[in-house]
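Engineer: Give me coordinates for this.
(one chain, ligands or ions: 2)
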Amino acid sequence: MNLQNMNLLRTTNLIGGQWIPADDGQTLTVVDPADGREIGRVPRCGAAETQRAIAAADAALPAWRALTARRRAQLLQAWNKLILDHADDLATLITAEGGKPLAEAKGEAIYGASFVEWFAEEAKRTYGESIPSPASNTRLLVVKQPVGVCAAITPWNFPLAMITRKVAPALAAGCTVVVKPAESTPLTALALAVLAEQAGFPAGVFNVVTGNPVAIGNELCASPIVRKLSFTGSTAVGRLLMAQCAPTIKKLSLELGGNAPFIVFDDADVDAAVDGAIAAKYRNTGQTCVCANRFLVQSGIYEEFARKLAERSRTLKVGAGTESGVAQGPLINAAGLAKVEAHVADALAKGARVLCGGARHERGGNFFQPTVLADVSRDMLVAREETFGPLAPLFRFETEEEAVAMANDTEFGLAAYFFTRDIGRSWRVGEALEYGMVGVNTGMISNEVAPFGGIKQSGVGREGSKYGIEEYLEVKYLCFDVR
Ligand SMILES: NC(=O)c1ccc[n+]([C@@H]2O[C@H](COP(=O)([O-])OP(=O)(O)OC[C@H]3O[C@@H](n4cnc5c(N)ncnc54)[C@H](O)[C@@H]3O)[C@@H](O)[C@H]2O)c1
Ligand SMILES: O=C[C@H](O)CS(=O)(=O)O
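Structural biologist: Ligands and ions are numbered 1, 2, ... in the order given. Alright, predicted model coming up:
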């Protein structure tokens, strides 16, 4: 792999300021999902290395939390600048190990840096408060203090932004961090660590451990030194980690799976709804937690919307993320491809109709055709499971009440979208949808300034926004007797 700065391509882990291999020398192979080529190897670390990373973060904590917020902010700004200065190389890494089109990967590097910039500013605003005392001899004060040593476990689909969305607020708050990135996309995480070291973060403040997820996760969850776990990934794994953290009563942030409804009402601007559908469905080849997973279309405009969405989906160029003009890359692996295929087969077997795509792409490998299915019903797998691929299943509905009931008929509650030009309906439906985030007449909702997160089994806590740093702070109440 050719980078402008080859120093970013690391095959070791950063623990306590040292770049180290696995104790037993074992490695994980990293492959390009577009062609299966090996692009690198990283340490297959386990419990022992993780224990050392936790110890390093613990040792670094007192000095780090004692720094002024201004100094922590300066280091975060330096990291932000380095990420932006190296955005092209970081995009090359993101595409090489994750498969997304290069333009999207560049966008992720910029998006990921925006969390570092945002929390550099938030670092200086962890305000407390004074409370009028009910007793004349006491004065009441509330202060915010860093939680302490934190662990972060992150997914492959945004290998840079999901790390900075956790590490930036943690460091801003005065915490130290041990990160375990996904096995599929460790190189981007290690490149971020190179830049953090270059920015001047002291040894042990930011540690990255790659390898056996179960062994590393068990240590991070079991250690009483780790006071918080922030996890982004599937609901199944989030549920497991939540249970594993119970014995040590850790503070938890969980950003989990979704099953986003995309509702189009008869009164919508259909062309705008199709634009929104393309954005909400096909970003990262449909592999984002906020991708539209179910399209609920009112009967009056069903055929028009279906036809236009299929027409636009056919125009999406499928190929390796490095190829010019590519809009859809490969699925991350064979399992991801098989899930899309299974969802399509199940829907067709139960009466759905193919409007476009519907099969593996002629390029073979992990490529799948952008697919739109009509006449989809609630007994199909796509109604209940997160497809996590380029599949747009269209459900039909008659009334607003039916649409809301269908949209809420899931254990997930991350993101939802709807298109209408009726102001009353936008309030009624916006309030009735059981989701943490709702896009109204838009298919793109993610940014660093708004609270990102879900309800029900899509998780707990919020990332980004003014709320994100609170996840890494403890509230302390001081009562002074002033006699
Ligand atoms: N809500 C969000 O912000 C958000 C963002 C991105 C992805 N996701 C969700 O993540 C899923 C796809 O990502 P994924 O395939 O990487 O999810 P995943 O749950 O399989 O893996 C996520 C992370 O957990 C680790 N992991 C897996 N099993 C573990 C264990 N037993 N102990 C410790 N760590 C373990 C993995 O190595 C990886 O680092 C989808 O469901 C998607 O909706 C949610
Ligand atoms: O997969 C979901 C991530 O959170 C991506 S984004 O924040 O919606 O860009």
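Engineer: Quick check: T232 touching L252?
Structural biologist: No: between T232 and L252 there is no contact under CB atoms under 8 Å: 11.9 Å. Backbone N, C-alpha and C define where each C-beta goes, glycine included.
Engineer: what about these two, which has more around it?
Structural biologist: Per other CB atoms under 10 Å, whichever of T232 and L252 has more neighbours is T232, with 25 against 18.
Engineer: Just the pLDDT for the most centrally placed residue in the chain.
Structural biologist: The geometric centre of the chain, computed from its C-alpha atoms, lies nearest to M162 (CA atoms, centre = their mean), at 4.7 Å. Here, the pLDDT recorded for M162 equals 98.
Engineer: Next up, the contacts around it.
Structural biologist: 154-155, 232, 255 (CB atoms under 8 Å, 6 or more residues apart in numbering).
Engineer: How about V376?
Structural biologist: Contacts of V376 (CB under 8 Å, 6+ apart): 294, 347, 352, 382-383, 393-395.
Engineer: Over to V167?
Structural biologist: 152, 177, 179, 192, 206.
Engineer: That one sits in which helix or strand?
Structural biologist: Following DSSP states H and E, one finds V167 within helix 161-173.
Engineer: sorry, back to before: would you mind measuring from the residue nearest to the centre of the chain to A191?
Structural biologist: 14 Å (CB to CB, to the nearest Å).
Engineer: Which parts of the stretch 251-400 of the chain are helices?
Structural biologist: According to DSSP state H, counting those that start in this stretch, the stretch 251-400 of the chain carries its helices in the segments 270-282, 302-314, 334-349, 381-384, 400-408.
Engineer: which of these sits most buried?
Structural biologist: By mean neighbour count, with neighbours taken as mean count of other CB atoms under 10 Å, helix 270-282 ranks first of the helices of the stretch 251-400 of the chain at a mean of 21.
Engineer: Ligand 2: which of the helices of the stretch 251-400 of the chain is closest?
Structural biologist: Nearest of these to ligand 2, taken as CB to the nearest ligand atom: helix 270-282 at 9.9 Å.
Engineer: Contacts for the closest one next, please.
Structural biologist: Contacts for helix 270-282 (CB under 8 Å, 6+ apart): 260, 262, 264, 290-292, 295, 301, 304-305, 308-309, 312-313, 316, 327-328, 370, 390, 392, 417, 419, 439, 441-444.
Engineer: What about these, which are in strands?
Structural biologist: 260, 262, 264, 292, 295, 392, 417, 419, 439 (DSSP state E).
Engineer: Spell out which parts of the protein neighbour ligand 1.
Structural biologist: For the chain, the contact set with ligand 1 under CB under 6 Å from any ligand atom comprises 153-157, 162, 180, 182-183, 213-214, 217, 232-234, 237, 240, 255-258, 289, 386, 388, 414, 459.
Engineer: which intervals of the stretch 201-350 of the chain have sub-threshold pLDDT?
Structural biologist: The model of the stretch 201-350 of the chain has no residue with pLDDT under 70.
Engineer: ok, which pair from the ones in strands among the contacts of helix 270-282 is furthest apart?
Structural biologist: A392 and G439 (15.9 Å; CB to CB).
Engineer: close enough to count as contact, E400 and F265?
Structural biologist: Yes: counting by CB under 8 Å, F265 is a contact partner of E400 at 7.2 Å.
Engineer: Could you name every residue contacting both of those two?
Structural biologist: With CB under 8 Å, 6+ apart as the test, E400 and F265 both reach R425.
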